[in-house]
Each structure stands twice: as structure tokens, then as C-alpha cells.
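Undergrad: missing the sequence, but the structure's below:
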């Protein structure tokens, strides 16, 4: 059973699930998100791929935004947003889904 990327619209149909999975496997989600947030040093455990920060989607003073490399997902326990690599770029940076895929494919070295 194929699972489409969270937040994917019909334009994602031009990308196979295995292609999207390959991109996700090559780039840790913490690398994508870490460009836009500062990880909390007290709660974050990089050796476990477990990261915490203040949510970039809403203003807050204590970290409730969680990111797990092993799952390739993020979730904010404050405002409820969640998603994957592609959703983060579409929601926070305003890219279209194909633009997010193309950007990350280039970074991952996937033609």
C-alpha cells in the first residue's frame, strides 16, 4: 500500500512514493527543520535523532515542537501542526509541493 506525503495534493501524483521515500531517507528531517529553528539544548537528544524547539508556526516561549529523524515527522504539541519534510517546506516557506520535492531532491542528490 502506497502512502502519500502528508499535505500532498494531486500534483504529488507525478512523484512515485518510492521517489519521495528515497529523498526522505537521504535527508534527516532535523536538517530541513534545523535551518529555521534553534534546537533546545536541554530537551534535544541528537544521538537519538530526537529534537525539540519553539514552534516556527506559532509564537511560544517553551519548546513544544518535536521532530524525530527515525520517523521523519514533526509535531507541535502546542498548535497541533504535524507533517514531513515536504509539508514543512510547503507550510512554512510557502513552496508548492513540486517545488519542495525539487528542492529536496537536489539537496539529496536524487535526479
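TA: Noted; the coordinates are in hand. If you're wondering where the values come from, they're calculated on a predicted model, not measured in any experiment. Numbering: from 1, shown residues only.
Undergrad: residues contacting the residue nearest the centre of the chain?
TA: The centroid of the chain falls nearest to residue 85 when counting by Cα atoms, centre = their mean (2.7 Å). Counting by Cβ atoms under 8 Å, 6 or more residues apart in numbering, residue 85 makes contact with 23, 24, 27, 29, 32, 72, 100, 104. C-beta coordinates here come from the backbone N, C-alpha and C atoms, glycine included.
Undergrad: Now do the contacts for the second one.
TA: With contacts defined as Cβ under 8 Å, 6+ apart, residue 24 is in contact with 72, 84, 85.
Undergrad: Repeat that for residue 28.
TA: Here residue 28 is in contact with 49, 69 (Cβ under 8 Å, 6+ apart).
Undergrad: switch the cut-off to 6 Å
TA: residue 69 (Cβ atoms under 6 Å, 6 or more residues apart in numbering).
Undergrad: Distance of it relative to residue 104?
TA: Distance, residue 28 to residue 104, by Cβ to Cβ, to the nearest Å: 11 Å.
Undergrad: coming back round to it: want to throw the contacts of residue 24 into JSON lines with secondary structure, pLDDT and distance to residue 17?
TA: Formatted as JSON lines, the contacts of residue 24 follow (DSSP: H, G, I helix; E, B strand; the rest coil; pLDDT from 0 to 100; distance: Cβ to Cβ, whole Å):
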{"residue": "72", "secondary structure": "coil", "pLDDT": "97", "distance to residue 17": "13"}
{"residue": "84", "secondary structure": "coil", "pLDDT": "97", "distance to residue 17": "12"}
{"residue": "85", "secondary structure": "helix", "pLDDT": "97", "distance to residue 17": "14"}
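Undergrad: now these as TSV including distance to residue 41?
TA: Formatted as TSV, those follow (distance: Cβ to Cβ, whole Å):
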residue	distance to residue 41
72	23
84	25
85	24
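Undergrad: Looking at those residues, which is nearest residue 56?
TA: Nearest to residue 56 among the contacts of residue 24, counting by Cβ to Cβ, is residue 85 at 14.3 Å.
Undergrad: Please report how far that closest one lies from residue 60.
TA: For residue 85 relative to residue 60 (Cβ to Cβ), the value is 22 Å.
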